[in-house]
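S.K.: model the following, please.
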Amino acid sequence: MAKPHIIAGLDIGTSNIKMLIAAKKKGEPNFKVLCQAQEPSFGIRRGVVIDIEKVSRLLQLLINKVRTENGQKIDSVYVNIGGSHIFCNNSESVVAVSRADRRVSEEDVRRVLQAAETISLSANEEILEVIPKEFIIDGKGGIKEAEGMQGGRLEAKVLIVGCFSPYKKNLTQAVLNADLRILDILPSPLAISNAVLSQKQKELGVAVLDIGAGTSELAVFEEGNLIDLAVFPIGSANITNDIAILLKTDIDIAELIKIKSGSCIFKGNNKKEKIELEEGEVLTFSPKMVSGIIEARVSEIFGEVQKELKRINKQGQLPAGIVLTGGGANLPKIVELAKKELKLPCRIGKPMFFSDLEDGLSFAAVCGLVLKGAEELGLRSKSFKNILEKIKKPFQVFIP
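M.R.: Numbers count the residues shown, from 1 in each chain. Next up, the predicted model:
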């Protein structure tokens, strides 16, 4: 019997650092969750590592916790990178087919994709992913796999995803300082889409919105291709902050009120509720007021999504609609508000292939990282964008 492969994903987020360790046997569709653990984040602001030492200490604490409680020893991980510094640009390139018989070779594909990487970047920016959208041979487009076809002129249209180099350096150094080897770094929106979107949805046209604590991340797909990616500097922590300010209470109490009494759309009576504080003090609040705060902030996030969809001419034009995930998607009636604000079908997206996972919405990104690892190990079929596996960038493998 084949021994299962063990894969670890690490999601370094604004409010929590999460680790998922899963086992996968080739030929079996689902993963077995061996361990899922998390620690509150410090030294991270809006998805960006700002204090390397603090994050490294937290990672070491998390690794020790996993080893002690679950007996899992981990020395290598797949890691995500998030934050508003993530950007995407379209690029095109063209090369002449090199073979005398005009058959497109692997080398031709490599050359045209490498040519597409030649875009103007600032000194502090770098490319994370080059994602092919289509190949064009002698003017005929819509080609997914060009190798083996015949023609004289090969073109490629790609989407380039990049980041601010110093932020990526902080992330990688924090992980390396915790004695972990990084097998690959994946932009958070891509990791999330791996976990919650089906290929059919991507073909029809769909957007996934991950509402995290410090940021909300959007990825838009059409005809199987990623066509846009955006990160907004607002998340569920902004809601908590607003409640804390309005009720003049601390963050932990505000978070509890948000979870227990909040809703994106208020329905029901407005009977005052109470919550006991320390030393017998009681805080009285209006559920309607709390829901009003939540609705305003979530509507603000959806407003940013609507602007982005309008910018790429996809406003109201995604048949598979919007898929919501992330911890912020746990808010009651968020689907109802999304349908109202975005005028599109909407549903909650939980990670696929992880049936025994707890709190799937918050672990969507780390599930996507584990899925990425399975693709690289040949345990799952690779998506179209993974054609670039053959020309992996050297920065994507680190050894402490």
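S.K.: lowest-pLDDT helix or strand in the protein?
M.R.: One helix or strand of the chain scores below all others by mean pLDDT, DSSP states H and E: strand 273-276, with a mean of 85.
S.K.: the residue located most distally from the centre of the chain and residue 152, how far apart?
M.R.: No residue in the chain sits farther from the centre than residue 100, which is 43.5 Å out by CA atoms, centre = their mean. Separation of residue 100 from residue 152 (CB to CB, to the nearest Å): 11 Å. (Glycine included, C-beta is placed from N, CA and C.)
S.K.: ok, now residue 77?
M.R.: Using CB to CB, residue 77 is found at 45 Å from residue 152.
S.K.: so those two - more neighbours on which side?
M.R.: Applying other CB atoms under 10 Å to residue 77 and residue 152 shows that residue 77 carries more neighbours, namely 26 against 10.
S.K.: looking at that one now. What's its pLDDT?
M.R.: At residue 77, the model reports a pLDDT of 95.
S.K.: bridged to it, which residues?
M.R.: residue 182 (DSSP bridges).
S.K.: shouldn't it be in contact with residue 6?
M.R.: No. Contact criterion CB atoms under 8 Å: residue 77 and residue 6 do not qualify, at 11.2 Å.
S.K.: same for the host helix or strand of residue 347, what does it pack against?
M.R.: If you go by DSSP states H and E, residue 347 is part of strand 346-348. Judged by 3 or more CB pairs under 8 Å, 6 or more residues apart in numbering; DSSP states H and E, strand 346-348 is in contact with strand 322-325, helix 334-342.
S.K.: switch those over to TSV; also include distance to residue 251 and mean neighbour count.
M.R.: Shown next, in TSV, are the helices and strands packed on strand 346-348 (distance: least, CB to CB, whole Å; neighbours: other CB atoms under 10 Å):
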stretch	distance to residue 251	mean neighbour count
strand 322-325	24	27
helix 334-342	21	19
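S.K.: between these, which one is nearest to residue 259?
M.R.: Using CB to CB as the measure, helix 334-342 is the one of those that comes nearest residue 259, at 13.0 Å.
S.K.: any idea how far the closest one is from the chain center?
M.R.: Centroid displacement of helix 334-342 relative to its chain, using CA atoms, centre = their mean, to the nearest Å, is 21 Å.
S.K.: again with stretch 8-21
M.R.: With CA atoms, centre = their mean as the basis, stretch 8-21 stands 12 Å off its chain's centre.
S.K.: endpoints of it, how far apart?
M.R.: 4 Å (CA to CA, to the nearest Å).
S.K.: pLDDT averaged over that stretch - what is it?
M.R.: 94.
S.K.: same deal with stretch 211-229?
M.R.: 93.
S.K.: list the buried residues for it?
M.R.: Buried residues in stretch 211-229, counting neighbours by 16 or more other CB atoms under 10 Å, are found at 211-222, 224-229.
S.K.: longest single helix anywhere in the protein?
M.R.: Determined from DSSP state H, the single longest helix within the chain is helix 287-311.
S.K.: helices or strands up against that one?
M.R.: The helices and strands touching helix 287-311, judged by 3+ CB pairs under 8 Å, 6+ apart, are strand 206-211, strand 216-222, strand 225-232, helix 236-247, helix 251-261, helix 334-342.
S.K.: quick one: work out the angle between it and strand 216-222.
M.R.: Inter-element angle recorded for helix 287-311 and strand 216-222: 40 degrees (by axes from the mean of the first three to the mean of the last three CA atoms, to 10 degrees).
S.K.: ok, and what's touching helix 287-311?
M.R.: For helix 287-311, the surrounding residues in contact (CB atoms under 8 Å, 6 or more residues apart in numbering) are 207, 209, 211, 216, 218, 220, 228, 230, 232, 234-235, 238-239, 242-243, 246, 257-258, 261-266, 268, 270-271, 273, 315-318, 322, 328, 331, 334, 337-338, 341-342.
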